[in-house]
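Student: task: produce atomic coordinates for the following.
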Amino acid sequence: MRGSAFANNPNDLDGRAVQRAYRFWAPVYDVAWRPVLSQAHKAAALAARDVGGRILEIGVGTGLTFDHYRGAEVEIYGIDRCEEMLAKARQKVESGRYPEVRDLQNMDAHDLRFPDGFFDCVLAQFVITLVAKPEVVLSECARVLRPGGELILASHFYSERGIIAGVERLSAAPLRALGLRPEFPFGRLVRWAERDGRAELVESRKIGFTGHTLVRFRRLAVGDAAEQPAPAAYADGAPALGVAPQLGKEPQQP
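Tutor: Predicted coordinates:
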């Protein structure tokens, strides 16, 4: 490994805290969180459906988005690190109602075991603000996208100015203990795209009344990204660029 492409951020979360939180929520996740997240889930899934083709859902959870793909010409591949959440998603697929879902795996988003350019769309809802190293995950998303494909994010990004920003910063410490990170700024996504060089921001808009934001990046072709070459390596054990992981490889345990 030749070093880190992105510096660590002191506000980055401990992945173990996030996994503990989601194991706690798994039995009641649909009942507790569907009303809060439904607008964002629908908006993001429909945006991915518009792209079509092969879609990777990072943080697929219990499969709350599956209904929005029914009848569409898509192939859904879902990954998550919480086995309890995945068990709920697999139960839904086993019902036979979701033939669009092709595969569900326990996989670390920092180390996607898919070939370069394998997907038409990567969707990450309420994930990028929670992973240990967001820039590493974003770069992995760019790697597995075909040129012209889209990376779609939905999450809450904190206000960088004003009273609301101050409140969010004050609430950060107790919420981090629950596996949440309210102080993740939208500008961090923009800076990643500028440094990585393989994606351009095409849309950012608020979703409904919940304060969530839908963000779309388009994967650039090699010629389009020539002025901003991608980093030569990823941080902390993720694969070097151009190394295509094998499908079906057993997930590494934390």
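
Student: hey, let's count contacts and neighbours off CA atoms from now on
Tutor: Will do.

Student: how about the secondary structure of Ala40?
Tutor: helix (DSSP: H, G, I helix; E, B strand; the rest coil).

Student: that one and Lys206: what is the separation?
Tutor: Distance from Ala40 to Lys206, counting by Cα to Cα, to the nearest Å: 9 Å.

Student: who's more crowded, the two?
Tutor: Using other Cα atoms under 10 Å as the criterion, Ala40 and Lys206 rank with Ala40 on top: 26 against 15.

Student: which residues in the stretch 51-200 of the chain form strands?
Tutor: Along the stretch 51-200 of the chain, the stretches classed as strands by DSSP state E, counting those that start in this stretch are 53-58, 74-80, 101-106, 119-125, 145-155, 199-207.

Student: pick the most deeply packed of the ones you listed.
Tutor: The densest packing among the strands of the stretch 51-200 of the chain, expressed as mean neighbour count by mean count of other Cα atoms under 10 Å, is seen in strand 119-125 with a mean of 25.

Student: which neighbours do Ala40 and Lys206 share?
Tutor: Common contacts of Ala40 and Lys206 (Cα atoms under 8 Å, 6 or more residues apart in numbering): His212, Thr213, Leu214.

Student: the last one against Lys206, yeah?
Tutor: In other words, Leu214. Yes. Proximity of Leu214 to Lys206 meets the contact threshold set by Cα atoms under 8 Å, at 6.2 Å.

Student: possible to save the strands of the stretch 51-200 of the chain as TSV with distance to Val131 and mean pLDDT?
Tutor: TSV is the format used below for the strands of the stretch 51-200 of the chain (distance: least, Cα to Cα, whole Å; pLDDT from 0 to 100):
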stretch	distance to Val131	mean pLDDT
strand 53-58	11	98
strand 74-80	11	97
strand 101-106	15	97
strand 119-125	11	97
strand 145-155	12	96
strand 199-207	20	94
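
Student: could I get these as TSV with distance to Asp67?
Tutor: Rendered in TSV, the data for the strands of the stretch 51-200 of the chain read as follows (distance: least, Cα to Cα, whole Å):
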stretch	distance to Asp67
strand 53-58	14
strand 74-80	12
strand 101-106	11
strand 119-125	15
strand 145-155	17
strand 199-207	19
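
Student: which stretch among these comes nearest Arg90?
Tutor: Taking Cα to Cα as the measure, the strands of the stretch 51-200 of the chain were each checked against Arg90, and strand 101-106 came out nearest at 7.3 Å.

Student: quick one, that closest one and strand 74-80 angle?
Tutor: Computed by axes from the mean of the first three to the mean of the last three Cα atoms, to 10 degrees, the angle separating strand 101-106 from strand 74-80 equals 10 degrees.

Student: residues touching strand 101-106, excluding its own?
Tutor: Contacts to strand 101-106, defined as Cα under 8 Å, 6+ apart, come from residues 66, 75-83, 86, 90, 93, 251.

Student: name the nearest of the residues you listed relative to Leu56.
Tutor: The shortest gap between Leu56 and any of the contacts of strand 101-106 belongs to Tyr77, at 4.8 Å (Cα to Cα).

Student: bridged to the closest one, which residues?
Tutor: On DSSP bridges, the residues paired with Tyr77 through beta bridges are Leu56, Asp103.

Student: correct me, but it touches Gly63?
Tutor: No. Using Cα under 8 Å, Tyr77 is not in contact with Gly63; the gap is 11.0 Å.

Student: got a list of what His68 touches?
Tutor: Lys42, Ala45, Leu46.

Student: over to Pro147?
Tutor: Shown here is Pro147, whose contacts under the criterion Cα under 8 Å, 6+ apart are Gly117, Arg218, Arg219, Leu220, Ala221, Val222.

Student: could you list which residues are in contact with the last one?
Tutor: This points to Val222. Applying Cα under 8 Å, 6+ apart, one finds that Val222 lies in contact with Pro147, Arg198.
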